[in-house]
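> Task: produce atomic coordinates for the following.
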Amino acid sequence: MKENQQAAGVAFAGLAYMLWGFLPLYWKMLGGVPAGEVLAHRIVWSLIFMGAVLLVLKKIQPVAREIIRVFKNKKSAAAITAAAVLISINWFLFIFAVNSDRVIEASLGYYINPLFNVVLATVFLKEKLTRAEGVAFFLAVGGVITLTFYYGYFPWAAIGLALSFGLYGLIKKTTPLSAWAGLTVETMIMVPFALLFLLAVQGDTGSIFRFSWEDHALLIGAGAATAVPLLLFAASSKRISFSLIGFLQYFAPTIMLLLGVFLFNEPFSLQQLTAFIIVWIGLIIFTISRSRTSWKARKWRTSEKTE
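Here you go, the predicted structure:
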């Protein structure tokens, strides 16, 4: 039974990261729609999709209770509002990066995200940073500096993606919510702003229905494209260890990198490859360190149970 649960967890996580990895293909099809409008539609249709799913699965009442509980506490209400803003920034940066031919740079952001998470946990949660993790972080910094010299500008899209998602994850860690309630409340907070933005666009252009029916279908589908991988990930996290999830998370940026190089024909020079290799070495050191820590913790828990 346990083996079946783990196999299902790996399948769910693998599918979630594959969907996230191939997501640039979806946003590329919306290249004719400004990134701000894509984001606004993504927020609105994500909330509608989640509402429909919760209705079908009869989860509206428990999710509503979770959301009410969060907003009864000023601290948790402020935290989840900040999380909603951060994930919206992250979504915008990703859409913008994809549609401005920066998929490779976006992939870098998600490669270095785990290292940012460790540093943020060290600063804000006072978690200890091992020597190996410190080396890994500074290697990632070295990779970013190398790219800065190559591009002639700071790779802000990559850093923005890593930082916004890292801070979002930090807030979510300190304000626990189920995946169902999390995405629902985050989009619910941002929907009024998204609708105001779309109304402002309508005032400027005369219509929000100026795109093709294919574009409108894709904008509606953005809700499912956002929610499905998140819900798959939530299902996987209950079945497999954090260290295994940590290993699988590199699938998404690897797929993005391959798409950027081989499908979108973005330039990828020897200097860029060198920078990525520096980051990959850091990630290998980080993954080994985290795996050892996780293995020691499991061994210690097992020995405690047998005593």
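> Identify each of the helices in the chain and give its residue range.
Taking DSSP state H as the criterion, the chain carries its helices at 2-28, 35-56, 60-72, 74-99, 103-124, 131-151, 156-174, 179-205, 213-237, 242-248, 251-258, 270-306.
> right, and the ones you listed - which one's nearest residue 264?
Nearest of these to residue 264, taken as CB to CB: helix 103-124 at 5.7 Å. In this view, the C-beta of every residue, glycine as well, is placed from N, C-alpha and C.
> pLDDT of the closest one, averaged?
Confidence for helix 103-124, expressed as mean pLDDT, is 89.
> so can I have JSON lines of the helices of the chain showing mean neighbour count and distance to residue 264?
Shown next, in JSON lines, are the helices of the chain (neighbours: other CB atoms under 10 Å; distance: least, CB to CB, whole Å):
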{"stretch": "helix 2-28", "mean neighbour count": "17", "distance to residue 264": "7"}
{"stretch": "helix 35-56", "mean neighbour count": "20", "distance to residue 264": "16"}
{"stretch": "helix 60-72", "mean neighbour count": "14", "distance to residue 264": "38"}
{"stretch": "helix 74-99", "mean neighbour count": "20", "distance to residue 264": "9"}
{"stretch": "helix 103-124", "mean neighbour count": "22", "distance to residue 264": "6"}
{"stretch": "helix 131-151", "mean neighbour count": "18", "distance to residue 264": "17"}
{"stretch": "helix 156-174", "mean neighbour count": "20", "distance to residue 264": "15"}
{"stretch": "helix 179-205", "mean neighbour count": "18", "distance to residue 264": "27"}
{"stretch": "helix 213-237", "mean neighbour count": "18", "distance to residue 264": "18"}
{"stretch": "helix 242-248", "mean neighbour count": "16", "distance to residue 264": "24"}
{"stretch": "helix 251-258", "mean neighbour count": "20", "distance to residue 264": "10"}
{"stretch": "helix 270-306", "mean neighbour count": "15", "distance to residue 264": "14"}
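> mean pLDDT lowest for which of the ones you listed?
helix 242-248 (a mean of 70).
> Grab the CA positions of stretch 279-297 and hand them over as PDB.
Listed next in PDB are the C-alpha coordinates belonging to stretch 279-297 (Å, rounded to 0.1, in the frame of the first residue of the first chain):
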ATOM      1  CA  VAL A 279      24.600  26.800 -11.200                       C
ATOM      2  CA  TRP A 280      24.100  23.100 -11.900                       C
ATOM      3  CA  ILE A 281      27.200  22.200  -9.800                       C
ATOM      4  CA  GLY A 282      25.800  24.300  -7.000                       C
ATOM      5  CA  LEU A 283      22.400  22.500  -7.300                       C
ATOM      6  CA  ILE A 284      24.200  19.100  -7.300                       C
ATOM      7  CA  ILE A 285      26.000  20.000  -4.100                       C
ATOM      8  CA  PHE A 286      22.700  21.400  -2.600                       C
ATOM      9  CA  THR A 287      20.700  18.200  -3.500                       C
ATOM     10  CA  ILE A 288      23.300  15.900  -2.100                       C
ATOM     11  CA  SER A 289      23.500  17.900   1.100                       C
ATOM     12  CA  ARG A 290      19.700  18.000   1.500                       C
ATOM     13  CA  SER A 291      19.400  14.300   0.700                       C
ATOM     14  CA  ARG A 292      22.000  13.400   3.400                       C
ATOM     15  CA  THR A 293      20.200  15.600   6.000                       C
ATOM     16  CA  SER A 294      16.800  14.000   5.100                       C
ATOM     17  CA  TRP A 295      18.400  10.500   5.300                       C
ATOM     18  CA  LYS A 296      19.900  11.200   8.700                       C
ATOM     19  CA  ALA A 297      16.600  12.600  10.000                       C
END
